[in-house]
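Visitor: Prediction below, plus the sequence it came from.
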Amino acid sequence: MRRRTLLAAGAGGLAAVALGAPARATTGEQQARATRIALVPLDDRPVNTYCAEMTAASAGVALHQPPRELLGRFFVPGDGAAIARWLGTVDADAYVISVSMLAYGGLIASRTATPTPEQARANVAAIRALRAARPDAVIEIHDTIQRLALTSTGTPLDAYITALVNWAKLYDQVENLGQEQLRAQLDAARAGIPDEIVTDYLAARARNHEINRLMVEWVADGTISHLVLSEDDTAPVGLARAERVALEQLAVELGVTDRVEIFPGADEVDALLVARVIATGTAPTYRIEYAGVSGETWTAALEGIPFAENIRRHVRSVGGTVVEGRADIVLAVNTPSAGGADRGADLDAFVTRVGALLASGEQVVVVDPLIVNKADHELVARMEGGLDLAALLSYSGWNTGGNALGLALGHGTARWAYLRRSGAGFGVPELAGPGRAHAAYLLYRFVKDDPWKNVVQTEAYAHARAQGWNPLSLTAEQKTYFDGWVRQQLEPVTRRYFAEHFAGHRIVLGRRGARTFTARLSALESVRIDLPWDRLFEVTLEPTVSFA
């Protein structure tokens with residue numbers, strides 16, 4: 001089979017296969033499904049707004065989000081007080097709320113000591129008010145356990161990022177874990193960091209931990225339906241580890257471990273909790289198949305628990321269960337090969353196995369957590385050559401292992417729940433819109449995670465540095481220049497990717513009785529491309545596709 005990709009010769013893919021007929025949704029399940037979801041995202045980046053929106057759209061659900069100007073941008077925090085007021089005006093069946101945005105104005109703002117504890121408490125009081133006003137609503141809350149590292153700002157503060165992470169790890173090892181042999185290293189590390197930086201760092205951590213604890217307490221008193229505390233870029237040791245242990249103990253003491261999930265991740269949780277709401281009442285089951293070693297023995301970079309355990313926690317958070325045998329969804333996970341193994345042979349076997357699963361009617365989610373910040377191109381190239389990408393429920397290889405897992409799991413679960421329900425009820429639902437959204441989001445994921453991250457972004461970084469510019473801190477003029485440069489490079493890549501791997505392929509839209517409705521992808525109508533922030537780390541990529 002002839003293959004063409006941006007990096008190597010690639011494939012157009014095999015013909016799409018029909019999926020097995022899903023179980024019919026029960027009346028109770030239909031009644032439990034939320035039709036109106038309000039989302040307060042973690043910040044204004046596409047991973048927290050667009051990805052959650054497309055996860056919902058692939059299941060025929062529209063999200064209500066605060067006006068974009070309230071969400072802030074990059075180092076300008078969102079307006080938590082205004083968002084709190086907005087929450088009181090939105091009538092929804094379910095609410096998915098990021099506390100980092102509501103309390104502090106977003107993820108980056110949550111890492112600084114600027115928002116006071118009093119401001120944070122006043123803003124999150126909107127959650128209590130929401131429960132009082134809408135006692136029957138589902139209220140899903142996401143809060144983050146602060147990561148060890150500061151955010152790069154392009155200022156002299158950046159010189160202390162690595163030193164502060166090292167000190168935070170040593171502090172935990174010496175003061176919390178009793179490793180006194182490291183005290184001299186701890187003292188030396190502390191001496192190299194200005195007092196004001198450590199003071200601000202600890203003040204932000206203390207404030208955030210107080211709000212973390214408050215959210216657990218609100219689960220116990222019924223204010224919050226379900227809570228995810230995600231560990232933002234964590235490690236096996238460090239101040240974040242100690243905070244996580246304290247929160248786990250609190251959940252045990254309050255008897256809420258069944259409604260509180262703690263796991264590595266952050267950016268994926270908006271989409272994950274939206275999918276949880278959409279899949280309410282379906283109780284999906286998942287079987288895991290690995291490309292290489294078991295996730296029980298492998299821990300992804302920037303995480304502190306085995307990946308198999310992270311999978312189980314993410315699955316519980318979306319309302320599902322990991323099983324050994326037959327399952328509703330197969331999670332095909334790209335893990336490293338064992339020492340001495342032939343990596344190419346492992347990947348070939350993995351892709352062949354995924355193809356066989358699709359051919360037999362299984363519904364498959366591909367999770368690609370191996371390499372931080374990008375897809376494993378060796379895997380994706382093989383998938384392009386041996387699979388019908390449009391037949392997958394979802395794919396993600398973006399950023400950390402937990403991010404990739406949660407984004408793929410959220411999209412796949414929401415789409416699975418929609419297909420399951422398409423065979424129940426009366427009348428013929430409008431199937432084309434969710435199908436187009438699903439296909440566009442699949443295209444987005446493959447282009448953004450592989451050719452954008454592996455090729456175009458790499459070239460953009462090199463181009464910026466050649467001109468003496470900082471790719472992570474662009475001026476307004478530089479940002480305008482790169483909006484055009486990135487669009488000029490990435491749009492033809494996106495159009496070529498659609499033509500080679502999606503055009504002419506069929507998407508399953510839904511079912512009525514024994515009949516399966518499909519549509520053939522015909523055109524990439526448009527694609528919006530720009531830089532959401534003044535840096536080259538992420539990109540806005542919004543394709544619109546059409547059916548023949």
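Guide: Received it, and whenever you're ready, just let me know what you need.
Visitor: Now do the strands for the stretch 51-200 of the chain: every range, in order, please.
Guide: 63-64, 94-98, 138-145 (DSSP state E, counting those that start in this stretch).
Visitor: same deal with the stretch 201-350 of the chain?
Guide: Taking DSSP E, counting those that start in this stretch as the test, the strands found in the stretch 201-350 of the chain are 226-231, 260-264, 285-290, 321-322, 329-333.
Visitor: Could I get the CA-only coordinates of the last one as PDB?
Guide: Think strand 329-333. Provided in PDB are the C-alpha atoms of strand 329-333 (Å, rounded to 0.1, in the frame of the first residue of the first chain):
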ATOM      1  CA  ILE A 329     -14.600   0.200  24.300                       C
ATOM      2  CA  VAL A 330     -11.000  -1.000  23.800                       C
ATOM      3  CA  LEU A 331      -8.300   1.400  25.000                       C
ATOM      4  CA  ALA A 332      -5.300   0.700  22.700                       C
ATOM      5  CA  VAL A 333      -2.300   2.300  24.600                       C
END
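Visitor: name the element residue 447 belongs to?
Guide: Take DSSP states H and E as the rule and residue 447 turns out to sit in helix 432-447.
Visitor: Residue 321 contacts residue 286, doesn't it?
Guide: Yes - applying Cβ atoms under 8 Å, one finds residue 321 in contact with residue 286, separated by 7.2 Å. (Glycine included, C-beta is placed from N, CA and C.)
Visitor: follow-up on the earlier one: Serialize the strands of the stretch 51-200 of the chain to CSV and add fields for mean pLDDT.
Guide: CSV is the format used below for the strands of the stretch 51-200 of the chain (pLDDT from 0 to 100):
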stretch, mean pLDDT
strand 63-64, 96
strand 94-98, 98
strand 138-145, 98
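Visitor: wait, residue 141 sits on residue 229?
Guide: No - with contacts counted by Cβ under 8 Å, residue 141 stays clear of residue 229, the gap being 9.1 Å.
Visitor: For residue 278, which of the strands of the stretch 51-200 of the chain is the nearest?
Guide: Across the strands of the stretch 51-200 of the chain, residue 278 has its closest neighbour in strand 94-98 (9.0 Å, Cβ to Cβ).
Visitor: just the helices in the stretch 401-548 of the chain please.
Guide: Taking DSSP state H, counting those that start in this stretch, the helices of the stretch 401-548 of the chain run over residues 401-421, 432-447, 457-466, 476-501.
Visitor: Return the most buried member of the ones you listed.
Guide: Of all the helices of the stretch 401-548 of the chain, helix 401-421 carries the top mean neighbour count, a mean of 29, counting by mean count of other Cβ atoms under 10 Å.
Visitor: contact partners of the longest strand seen in the chain?
Guide: Longest strand in the chain, counting residues (DSSP state E): strand 515-530. Strand 515-530 has contacts (Cβ atoms under 8 Å, 6 or more residues apart in numbering) with 16, 18-19, 21, 390, 431-432, 435, 439, 443, 483, 486-487, 490-491, 494-495, 498-499, 502-511, 539-548.
Visitor: one step back: out of residue 321 and residue 286, which sits in the more crowded spot?
Guide: Just comparing residue 321 and residue 286: by other Cβ atoms under 10 Å the higher neighbour count belongs to residue 286, 23 against 13.
Visitor: Could you list the low-pLDDT ranges of this protein?
Guide: 1-34, 424-429 (pLDDT under 70).
Visitor: how about 50 then?
Guide: Where the chain drops to pLDDT under 50, the residues are 1-32, 426-427.
Visitor: and the residue nearest the centre of it, what does it touch?
Guide: Centroid check for the chain by Cα atoms, centre = their mean gives residue 268 as the closest residue, at 1.9 Å. By Cβ under 8 Å, 6+ apart, the contact set of residue 268 is 47, 51, 402-407, 409-410.
Visitor: between those, which is nearest residue 535?
Guide: Using Cβ to Cβ, residue 47 is the member of the contacts of residue 268 that lies nearest residue 535, at 13.8 Å.
Visitor: Roughly how far does the closest one sit from residue 271?
Guide: Here the criterion is Cβ to Cβ, to the nearest Å. By it, residue 47 lies 8 Å from residue 271.
Visitor: Show me whatever sits in contact with both of the two.
Guide: residue 407.
Visitor: Counting neighbours, go ahead and name the busier of these two.
Guide: Taking neighbours as other Cβ under 10 Å, residue 47 and residue 271 compare with residue 271 leading, 33 against 22.
Visitor: Please name the nearest non-neighbouring residue to the more buried one.
Guide: Nearest non-adjacent residue to residue 271, counting by Cβ to Cβ, 6 or more residues apart in numbering: residue 410, 3.9 Å away.
Visitor: Find residues that contact each of residue 321 and residue 286.
Guide: Common contact partners of residue 321 and residue 286 (Cβ under 8 Å, 6+ apart): residue 315.
Visitor: The residue nearest to residue 36 when sequence neighbours are not counted: how many residues sit nearby?
Guide: Among residues not flanking residue 36 along the chain, residue 92 sits closest, at 4.3 Å (Cβ to Cβ, 6+ apart). The tally of other residues near residue 92 (other Cβ under 10 Å) stands at 21.
Visitor: pretty sure residue 92 contacts residue 39?
Guide: No - using Cβ under 8 Å as the test, residue 92 is too far from residue 39 to be in contact (9.2 Å).
Visitor: Can you pull the residues that touch both of the two?
Guide: In contact with both residue 92 and residue 39: residue 64, using Cβ under 8 Å, 6+ apart.
Visitor: right, so the strands of the stretch 51-200 of the chain: which one is the most enclosed?
Guide: strand 94-98 (a mean of 27).
Visitor: Following it in sequence, what is the next regular element?
Guide: Immediately after strand 94-98, counting by DSSP H and E, sits helix 99.
Visitor: Show me what that next one is packed against.
Guide: On a contact count with 3 or more Cβ pairs under 8 Å, 6 or more residues apart in numbering; DSSP states H and E, helix 99 meets strand 138-145.
Visitor: so what secondary structure elements neighbour the strand it packs on?
Guide: So strand 138-145, by 3+ Cβ pairs under 8 Å, 6+ apart, packs with strand 94-98, helix 99, helix 117-133, helix 195-220, strand 226-231, helix 239-254, helix 269-278.
Visitor: which one of the ones you listed is the most hemmed in?
Guide: helix 269-278 (a mean of 31).
Visitor: That helix - contacts with which helices or strands?
Guide: Using 3+ Cβ pairs under 8 Å, 6+ apart as the contact test, the elements touching helix 269-278 are strand 37-40, helix 50-57, strand 94-98, strand 138-145, strand 226-231, helix 307-317, helix 401-421.
Visitor: would you list the ones you listed in CSV and tack on distance to residue 121?
Guide: Below are these laid out as CSV (distance: least, Cβ to Cβ, whole Å):
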stretch, distance to residue 121
strand 37-40, 17
helix 50-57, 26
strand 94-98, 15
strand 138-145, 13
strand 226-231, 17
helix 307-317, 26
helix 401-421, 28
